[in-house]
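> no sequence for this one, just the structure:
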């Protein structure tokens, strides 16, 4: 895959999904485009995972001070809720 950024990869992935859902492509071309889509999905998943590891939360302690804690997806942040 050529060098792409996340947004370009997602745009291309959306195009691929739409073209496959259209059902107008021959089988061989559909398989080729599907494989490209799988590569893009893997790339996007990796980029999201990397970004997720960089995200952290500021949690206020009982003494009023803040501490930084890693973000855990799915709301599993030690019972703490962020207020945005």
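On my side now, so go ahead. From a predicted model like this one, the values you see are computed outputs, not experimental measurements.

> Quick one: the strands in the chain, in order.
Ranges of strands in the chain, per DSSP state E, are 56-60, 66-70.

> Let me have those in a markdown table, extended by distance to residue 43.
The C-beta positions use only the backbone N, C-alpha and C, and glycine is treated the same way. Shown next, in a markdown table, are these (distance: least, Cβ to Cβ, whole Å):
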| stretch | distance to residue 43 |
| --- | --- |
| strand 56-60 | 24 |
| strand 66-70 | 24 |
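
> Among those, show me which one is buried the most.
strand 56-60 (a mean of 12; mean count of other Cβ atoms under 10 Å).

> Walk me through which strands it pairs with, and which way each runs.
The strands beside strand 56-60 in its sheet (DSSP bridges) come out as strand 66-70 (antiparallel).

> for this structure, where's the lowest mean pLDDT among helices and strands?
Every helix and strand in the chain was compared by mean pLDDT, DSSP states H and E; the lowest is strand 56-60, with a mean of 74.

> Check the spacing between the spatially closest residue to residue 41 that is not a sequence neighbour and residue 43 real quick.
Sequence neighbours aside, residue 13 is the residue nearest to residue 41 in space, at 6.3 Å (criterion: Cβ to Cβ, 6 or more residues apart in numbering). Separation of residue 13 from residue 43 (Cβ to Cβ, to the nearest Å): 9 Å.

> now do residue 33
Residue 33 is 15 Å from residue 43, by Cβ to Cβ.

> Please apply the same query to residue 5.
Relative to residue 43, residue 5 is positioned 10 Å away (criterion: Cβ to Cβ).

> Please identify which of those two sits among more neighbours.
Neighbours were counted for residue 5 and for residue 43 using other Cβ atoms under 10 Å; residue 43 has more, 16 against 9.
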